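A.B. asks: The sequence and its predicted three-dimensional model are supplied below.
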Amino acid sequence: MIDRLTFDLNATCGDARAGVIHTDHGDIQTPIFMPVGTQGTVKAVHQQELKDEVGAQIILGNTYHLYLRPGCDILRQAGGLHRFNAWDRPLLTDSGGFQVFSLAENRKIKEEGCTFRSHIDGSKHLFTPENVMDIQRVIGADIMMAFDECAPGDSDHRYAQKSMELTHRWLDRCIARFRETEPLYGHHQALFPIVQGCQYADLRRISAEYIASKEPEGCAIGGLAVGEPTEKMYEMIEVVNAILPKDRPRYLMGVGTPQNLLEAIERGVDMFDCVMPTRNGRNGLLFTAEGTINIKNKKWETCFEPIYKDYTLAYLHHLIRAEEILGLQICSIVNLRFYLWLVGEARRHILAGDYAAWKSAMLPKLGRRC
């Protein structure tokens, strides 16, 4: 078992970075996109396809959802999520903070933690920094996230500061609990704290400095892509990454479009996750290197050009129109393959030293509607 998650920085091109994250379940080449497997599964895609067809190096699980179902007892009996869902590569778990705080009518935040009611059966629960660490120990993810408050994107400065300070106090409790507990399944687990501060540069600086002072194994940037202008998101990324340690991986949570990924990579982000490729795929929207395709449009009804293996756009149009499950599966695979291809190409151009020129050529294509 490794003693610490490590990050090798292979090359830079401006602020864009190409590196390798080392975990007990394998290495992760960055920049990397992580498919979202909220409930222990990436919707409509089984694990072998994630490996062989998509090229996923790491996937996500979610503490809130896995805690509620199947529950910690089942996961412990199974030997953790890796064994439960037959995934032998790295896993990351979100702390559940975003999900809990999105339950605006069914949760209450206090210093101790957050009480909430299950979206499944209405039962009442309490998440604290301590038990969120314990739950993630049971899940067994290679990378655990600290418990934070994800304040609304339109919060005023006063509330955003209060929320950030609570997140920092909770982080101290997360770190204390993390240090007094041990992994359960014989592999190392890392803890990533989360920078908050909404759209306010002064708060983002304070939060980034606080997170950096903890000398974490990696850092996350949360509370963005929640309704703020895109340029404001990019500004906050620049503010934060000027402070976060350069020898640790940086994870931008919940982002985003292909264009968002390329812009954030240029600003020094290493890791991404988002439900967009699978959620949009299940609704018939495909991402490609030449732009986006709405496969429901009649123009694809007689297009016999292959989109994945021997499956044509016409056949995929038929499957989605007929609401066949295979259509959801193919669209999800197509989009995930594209996202992994995109970050792989970004890495290749960072290593080649021409990332900025390549990004500038790609962005107009990505914005097209085919």
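C.D. replies: Noted; the coordinates are in hand.
A.B. asks: Give me the most central residue, this protein.
C.D. replies: With distances taken as C-alpha atoms, centre = their mean, residue 273 lies nearest the centre of the chain, 2.6 Å away.
A.B. asks: Which pLDDT does the model give that one?
C.D. replies: Looking at residue 273, its pLDDT reads 98.
A.B. asks: That one contacts residue 260, doesn't it?
C.D. replies: No: if you go by C-beta atoms under 8 Å, residue 273 and residue 260 don't touch, sitting 11.9 Å apart. For every residue, glycine as well, the C-beta is placed using N, CA and C.
A.B. asks: which outside residues touch stretch 236-247?
C.D. replies: Residues outside stretch 236-247 that contact it (C-beta atoms under 8 Å, 6 or more residues apart in numbering): 7, 9, 15, 195, 197, 199, 201, 204-205, 207-209, 211-212, 215, 219, 221, 224, 250, 252, 264, 267-269.
A.B. asks: Give me the three-state assignment for residue 12.
C.D. replies: Counting by DSSP: H, G, I helix; E, B strand; the rest coil, the backbone at residue 12 sits in strand.
A.B. asks: The residue nearest to it when sequence neighbours are not counted: what's it in contact with?
C.D. replies: Leaving out its chain neighbours, the residue that sits closest to residue 12 by C-beta to C-beta, 6 or more residues apart in numbering is residue 350, at 7.1 Å. Neighbour list for residue 350: 11-13, 16-18, 31, 265 [criterion: C-beta under 8 Å, 6+ apart].
A.B. asks: repeat that for 6 Å
C.D. replies: Residues in contact with residue 350 (C-beta atoms under 6 Å, 6 or more residues apart in numbering) are 11, 13, 16, 18.
A.B. asks: how many neighbours does the third one have?
C.D. replies: It stands for residue 16. A count of nearby residues for residue 16, using other C-beta atoms under 10 Å, gives 23.
A.B. asks: Check the contact between it and residue 266; I expect there is one.
C.D. replies: Yes: counting by C-beta atoms under 6 Å, residue 16 touches residue 266, with 5.2 Å between them.
A.B. asks: Can you list the low-confidence ranges for the chain?
C.D. replies: Residue ranges of the chain with pLDDT under 70: 101-104.
A.B. asks: Need the residue in this structure that's farthest from the chain's center.
C.D. replies: Outermost in the chain, C-alpha atoms, centre = their mean: residue 302 at 36.4 Å.
A.B. asks: just to revisit the earlier point, nearest spatial neighbour of the residue nearest to the centre of the chain, chain-adjacent residues omitted?
C.D. replies: Leaving aside its chain neighbours, residue 273 sits nearest to residue 34 (4.3 Å; criterion: C-beta to C-beta, 6+ apart).
A.B. asks: Please apply the same query to residue 189.
C.D. replies: The shortest distance from residue 189 to any residue other than its chain neighbours is 5.0 Å, reached at residue 183 (C-beta to C-beta, 6+ apart).
A.B. asks: How about residue 331?
C.D. replies: Distances taken as C-beta to C-beta, 6+ apart put residue 281 closest to residue 331, at 3.6 Å, once the chain neighbours are dropped.
A.B. asks: hang on, that neighbour packs against residue 330?
C.D. replies: No: between residue 281 and residue 330 there is no contact under C-beta under 6 Å: 8.3 Å.
A.B. asks: how many neighbours does residue 93 have?
C.D. replies: The local packing of residue 93 (other C-beta under 10 Å) involves 24 other residues.
A.B. asks: Tell me who's in contact with the nearest residue to residue 275 once chain neighbours are set aside.
C.D. replies: Nearest residue to residue 275, sequence neighbours excluded (C-beta to C-beta, 6+ apart): residue 36, at 4.9 Å. By C-beta under 6 Å, 6+ apart, the residues touching residue 36 are 60, 273, 275.
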